[in-house]
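K.L.:
sequence first, then the predicted structure:
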Amino acid sequence: MEAPASLPAEVNAAAASIPAPTVAPTPPPPPPVGSLVWCKVQGYPWWPGKLLSRPSETVVKVRFFETGVDVKVPAAPAAVVGFEHKLALCDDEAIKKSCKKPALRKALAAAVQQAQQPGAAEVAAAEAAAEAAAAERAAELAAAWRYEGHPHIGRRVARPFGKALAYGTITRWVRKDPTPDPRPPTPAAP
């Protein structure tokens, strides 16, 4: 860093000895839903999986390869990172170093192999999109349920299932077609 010539020599020397400010590296951007990720759960090594929920939330849902277990972990770069950011963990030596138990080492190696298969990222993205669509449809149907406005609410009923009868009470109902009919109702015939 050069100081102007009009300053005393001691000031110039002091300014030259000040280190330039360092910029902290920015963390990688959060991976999109359906992408392959590495996930860290306390007590276990980094494990490959696919991201099932939006990273903008405080907790994200990840499905692990090999085990198929779904976990919720903090949406922090220390817990979930994109698969491409930790490719060094795919190495056999890295797997041996991170797993002391042979059974866990074998499962991790199988999980890494699943994650590295051709098309694994596309399959993960397609499955995540299908799950998101199903969750959206379930939310729409849940909003369509009504708890009043039907004469059968509160009535005891029996429904046959094969040779057995199931008894219950009607507590809510939904229109046959949950979308409202834009046409005016037609009057009943006399």
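P.N.:
Received it, and whenever you're ready, just let me know what you need. Numbering: from 1, shown residues only.
K.L.:
which neighbouring elements make contact with the host helix or strand of residue 131?
P.N.:
If you go by DSSP states H and E, residue 131 is part of helix 120-144. Here helix 120-144 touches strand 36-39, strand 47-51, going by 3 or more Cβ pairs under 8 Å, 6 or more residues apart in numbering; DSSP states H and E. Placement of C-beta: from N, CA and C, glycine included.
K.L.:
what are the contacting residues of the first one?
P.N.:
Taking contacts as Cβ atoms under 8 Å, 6 or more residues apart in numbering, the residues outside strand 36-39 that touch it are 31, 46-51, 62, 64, 71, 73, 79-83, 85-86, 89, 115, 120-121, 124.
K.L.:
poorly predicted segments of the protein, please.
P.N.:
Low-confidence segments of the chain (pLDDT under 70): 1-29, 55-57, 177-190.
K.L.:
what are the ranges of the strands in it?
P.N.:
With DSSP state E, the ranges of strands along the chain come out as 36-39, 47-51, 59-64, 70-74, 80-82, 156-161, 164-169.
K.L.:
mind putting the ones you listed into CSV with distance to residue 107 and mean neighbour count?
P.N.:
Converted to CSV, those look like this (distance: least, Cβ to Cβ, whole Å; neighbours: other Cβ atoms under 10 Å):
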stretch, distance to residue 107, mean neighbour count
strand 36-39, 14, 24
strand 47-51, 9, 26
strand 59-64, 9, 20
strand 70-74, 15, 15
strand 80-82, 19, 19
strand 156-161, 41, 8
strand 164-169, 42, 9
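K.L.:
so residue 99 sits against residue 108, correct?
P.N.:
Yes: Residue 99 is within contact range of residue 108, at 5.5 Å (criterion: Cβ atoms under 8 Å).
K.L.:
so what sits against both of those two?
P.N.:
With Cβ under 8 Å, 6+ apart, residue 99 and residue 108 have common neighbours residue 45.
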